[in-house]
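Novice: Quick one, structure for this:
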Amino acid sequence: MVDLRCNDYGFECSYVTEGAVEKVVFEYWDHMKKEHGIEYATETIGNSIKRKTRQIKLPA
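Specialist: Take a look at the predicted model:
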């Protein structure tokens, strides 16, 4: 499970979506288009999730 938050990307917005990657990508894309007028490529959002999950360190 992953999550994306608008405020993590510099927006003053409390929107959060979480769940499976495909769900999060679509919901975040839809939110950005409707609420902020920005239409990111879904590949860009997916890449953001990949970068974010690589930074998460699991306990040893």
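
Novice: helix or strand for T53, which one?
Specialist: T53 is part of helix 42-55 when elements are defined by DSSP states H and E.

Novice: Tell me the helices and strands packed up against the helix or strand hosting W29.
Specialist: Assigned by DSSP H and E, W29 falls within helix 21-31. Using 3 or more CB pairs under 8 Å, 6 or more residues apart in numbering; DSSP states H and E as the contact test, the elements touching helix 21-31 are strand 2-5, strand 16-19, helix 42-55. All C-beta atoms are positioned from the backbone trio N, CA, C, and that covers glycine.

Novice: ok, residues contacting that helix?
Specialist: By CB atoms under 8 Å, 6 or more residues apart in numbering, the surrounding residues in contact with helix 21-31 are 2-4, 6, 15, 17-19, 39-40, 42, 45-46, 49.

Novice: out of the residues you listed, who has the most neighbours?
Specialist: Neighbour count (other CB atoms under 10 Å) singles out L4 as the most crowded of those, with 21 neighbours.

Novice: mind checking how far the spatially closest residue to it that is not a sequence neighbour is from V2?
Specialist: Once flanking residues are discounted, L4 sits nearest to Y28: 4.7 Å by CB to CB, 6 or more residues apart in numbering. Y28 sits 10 Å away from V2, going by CB to CB, to the nearest Å.

Novice: next one: E35
Specialist: For E35, the distance to V2 - CB to CB - is 20 Å.

Novice: got it, and Y15?
Specialist: Separation of Y15 from V2 (CB to CB): 15 Å.

Novice: Same check on K52?
Specialist: Applying CB to CB, the value for K52 to V2 is 7 Å.

Novice: Same question for K23.
Specialist: 9 Å.

Novice: Ok, A41 next?
Specialist: A41 is 18 Å from V2, by CB to CB.

Novice: What of I38?
Specialist: I38 is 20 Å from V2, by CB to CB.

Novice: residues contacting H36?
Specialist: C6, F11, C13.

Novice: Surely the last one is in contact with N7?
Specialist: The one in question is C13. Yes: between C13 and N7 there is a contact under CB atoms under 8 Å: 6.2 Å.

Novice: Looking at these two, which one has more neighbours?
Specialist: Each of C13 and N7 has its neighbours counted (other CB under 10 Å); C13 has more, 14 against 11.
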